[in-house]
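only geometry, no sequence info:
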């Protein structure tokens, strides 16, 4: 029980930090969203997922961090404005925190988004928009 409370306290601190970055830091795109699902007993569960993309503005790479209170099988695609997945990421292990650096140097400048999925349903959970800038 103490371990669960510690994890929840640390996670709350992480959420508060991510939310403050969303409002105060132009070098990051940060926020959170919920994954809602029914467990094996039919009870509705709500898992908060925090995200951060950095360093903005985005020129050659996008570093992504995803965090959850419970281990959750997540994966992500970078999708262009036409809806085509141009980069894909699938982690090897299920975790509470995921970090991935995408090399976007070969992508054309323009609007993109990171689509986050769970392998439990293969449905898109959330879409995080960003813009790839022209080379410096």
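Sure, I can see it. Keep in mind that what you see is a predicted model, and the values were worked out from it rather than measured.

in the protein, which spans are helices?
Read by DSSP state H, the chain holds these helices, from start to end of the chain: 2-24.

For it, which segments count as strands?
Residue ranges of the strands in the chain, as given by DSSP state E, are 29-38, 44-54, 61-72, 74-80, 85-89, 95-103, 110-118, 124-132.

For those, could you give me JSON lines that also reports mean pLDDT and mean neighbour count?
Heads up, the C-betas are built off the backbone N, CA and C, glycines and all. Converted to JSON lines, these look like this (pLDDT from 0 to 100; neighbours: other Cβ atoms under 10 Å):
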{"stretch": "strand 29-38", "mean pLDDT": "92", "mean neighbour count": "16"}
{"stretch": "strand 44-54", "mean pLDDT": "94", "mean neighbour count": "17"}
{"stretch": "strand 61-72", "mean pLDDT": "95", "mean neighbour count": "18"}
{"stretch": "strand 74-80", "mean pLDDT": "97", "mean neighbour count": "20"}
{"stretch": "strand 85-89", "mean pLDDT": "97", "mean neighbour count": "14"}
{"stretch": "strand 95-103", "mean pLDDT": "97", "mean neighbour count": "15"}
{"stretch": "strand 110-118", "mean pLDDT": "97", "mean neighbour count": "18"}
{"stretch": "strand 124-132", "mean pLDDT": "96", "mean neighbour count": "16"}
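
what pairs with residue 88 across the strands?
Judged by DSSP bridges, the bridge partners of residue 88 are residue 77.

what's near enough to touch it?
Under the criterion of Cβ atoms under 8 Å, 6 or more residues apart in numbering, the neighbours of residue 88 are 75, 76, 77, 78.

try residue 74
Contacts of residue 74 (Cβ under 8 Å, 6+ apart): 49, 66, 68, 91, 98, 116, 117, 118, 119, 125.

Quick check: the farthest pair among the residues you listed?
The most widely separated members of those are 91 and 125, with 14.8 Å between them, by Cβ to Cβ.
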